[in-house]
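>>> this one's sequence-less:
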């Protein structure tokens, strides 16, 4: 899937700060961050529609999302914790109404050492 | 909270066999989507089926909304079907916050 690109694909961190990036080339208005820990299903972290954060799930404050424009999504992480080791998926959809298909990026695998 | 249960947790098939995967959810869903995830890979949408029956290729999904359940039938399985199948619902009116089930891991041997 080259229509939603994520970077970096792999990341090994100690207690450092880092940002994950996502860009979608589908012309979608809604973008999401999902976290998938080992052996678990993806869990929604943040949802943006038309650059506005409309649902902010209960995630640690060290995760800060940013949506500079409707095609780009960032996830800033500060002072990572071992429990943050997971794959972080970016996703997008045309809108937020029911009936819109969700498309996922390849994911950014974060390993906290 | 919202609950999406899938069964079985895992399934082993011989190539050519059929499979039936189940998804049960605890609240009304305005949307239901089936995804495929390859080992260590990303998620790909297979079918969007909030009610009724839909087909695509060798896949058939049947959702009975009133009974809060959906099934995914895989016919004539192939080794490339191996992976995890996830059911996801959108329980929020006007919101696309998909809640995922725990998945069914399918292994197809030649």
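Happy to help now that I have it. All of these numbers come straight from a predicted model, not from anything done at the bench. Numbers count the residues shown, from 1 in each chain, chains lettered A, B, ... in the order given.
>>> Which strand or helix spans whatever residue of chain A ends up closest to chain B?
Per C-beta to the nearest C-beta, residue A:41 is where chain A lies closest to chain B, at 3.6 Å. All C-beta atoms are positioned from the backbone trio N, CA, C, and that covers glycine. Using DSSP states H and E, residue A:41 maps to neither a helix nor a strand.
>>> who touches it in this structure?
B:86, B:100, B:101, B:102, B:103 (C-beta atoms under 8 Å, 6 or more residues apart in numbering or on different chains).
>>> How about the contacts made by the residue positioned nearest the centre of chain A?
Against the mean C-alpha coordinate of chain A, by C-alpha atoms, centre = their mean, the closest residue is residue A:33 at 2.8 Å. Listed by C-beta under 8 Å, 6+ apart, the contact set of residue A:33 reads A:22, A:44, A:45, A:46, A:65, A:73, A:75, A:88, A:89, A:90, A:91.
>>> what about 7 Å?
A:45, A:46, A:65, A:73, A:75, A:88, A:90 (C-beta atoms under 7 Å, 6 or more residues apart in numbering or on different chains).
>>> and the fifth one, that's in a helix?
No. With DSSP: H, G, I helix; E, B strand; the rest coil as the criterion, residue A:75 is assigned strand and is not in a helix.
>>> Leaving out the residues flanking it, which one is nearest to it?
Leaving aside its chain neighbours, residue A:75 sits nearest to residue A:20 (4.3 Å; criterion: C-beta to C-beta, 6 or more residues apart in numbering or on different chains).
>>> what about that neighbour, distance to residue A:87?
11 Å (C-beta to C-beta, to the nearest Å).
>>> For the least confident helix or strand in chain A by mean pLDDT, buried residues please.
Ranked by mean pLDDT, DSSP states H and E, the helix or strand of chain A with the weakest confidence is strand A:52-56, at a mean of 80. Within strand A:52-56, the residues scored as buried using 16 or more other C-beta atoms under 10 Å in any protein chain shown are residue A:55.
>>> Now the element after it, going C-ward?
Taking DSSP H and E, what comes next after strand A:52-56 is strand A:63-69.
>>> so what strands line up beside that next one?
strand A:72-77 (antiparallel) (DSSP bridges).
>>> orientation of the helix or strand that comes right after the strand it pairs with relative to strand A:63-69 in degrees?
Remark: after strand A:72-77, the chain's next helix or strand is strand A:86-93, criterion DSSP H and E. Counting by axes from the mean of the first three to the mean of the last three C-alpha atoms, to 10 degrees, strand A:86-93 lies at 30 degrees to strand A:63-69.
>>> Cool, thanks, talk later.
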